[in-house]
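In: what's the 3D shape of this:
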Amino acid sequence: MVDYRIDRRSGVATYLQIVQQTKHALRLGLLEPGDQLPTARAVVEATAINPNTVLKAYRELEREGLVEARRGMGTFVTRSLGAVQPAESGPLRDELKEWGKRARTSGMDREDVSALITSVLDEIYRTASEGEQA
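Out: The predicted structure follows:
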């Protein structure tokens, strides 16, 4: 089960935050084919957002072929996004967790860490794709 967290200050549409968090859970192996997503009602109660926003997110996930709505039963995961290792284990995750702790201790807040990681990933993947084009 996934617990959605909505950041109203992020500038990212609420339904997209749900889509992104679901995809992250699929990538990390927290959600697997056959798992049921929380009901729209449960998400609304936990996040205080409009039910139509949840339904819009679930429709987008269904359009992408990641989930399937079953009338009267709920919304179920139909495919994974191929996690390399389970979310709760693996040396890369452990190293990243330790790095995250050091970043927090050094005074970086969540947004600082996110910006730094995004910047590094952009650099790494830009360099990789440029190498492929050569």
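
In: who's in contact with the lengthiest helix in the chain?
Out: Secondary structure assigned by DSSP state H gives helix 110-133 as the longest helix of the chain. Defining contact as CB atoms under 8 Å, 6 or more residues apart in numbering, one finds that helix 110-133 is touched by Gly100, Ala103, Arg104, Met108. Placement of C-beta: from N, CA and C, glycine included.

In: Got the confidence number for the nearest residue to the last one once chain neighbours are set aside?
Out: When the adjacent residues along the chain are set aside, Met108 lies closest to Leu116, with 7.4 Å between them (CB to CB, 6 or more residues apart in numbering). Residue-level confidence at Leu116 comes out at 91, pLDDT.

In: Give me the distance between Leu116 and Ser106.
Out: Note on Leu116: its distance to Ser106, by CB to CB, to the nearest Å, is 11 Å.

In: Between the two, which is the more surrounded one?
Out: Each of Leu116 and Ser106 has its neighbours counted (other CB atoms under 10 Å); Leu116 has more, 12 against 8.

In: Distance of that one relative to Asp122?
Out: From Leu116 across to Asp122, the span is 11 Å (CB to CB).

In: lowest confidence element among the helices and strands of this protein?
Out: Every helix and strand in the chain was compared by mean pLDDT, DSSP states H and E; the lowest is helix 110-133, with a mean of 79.
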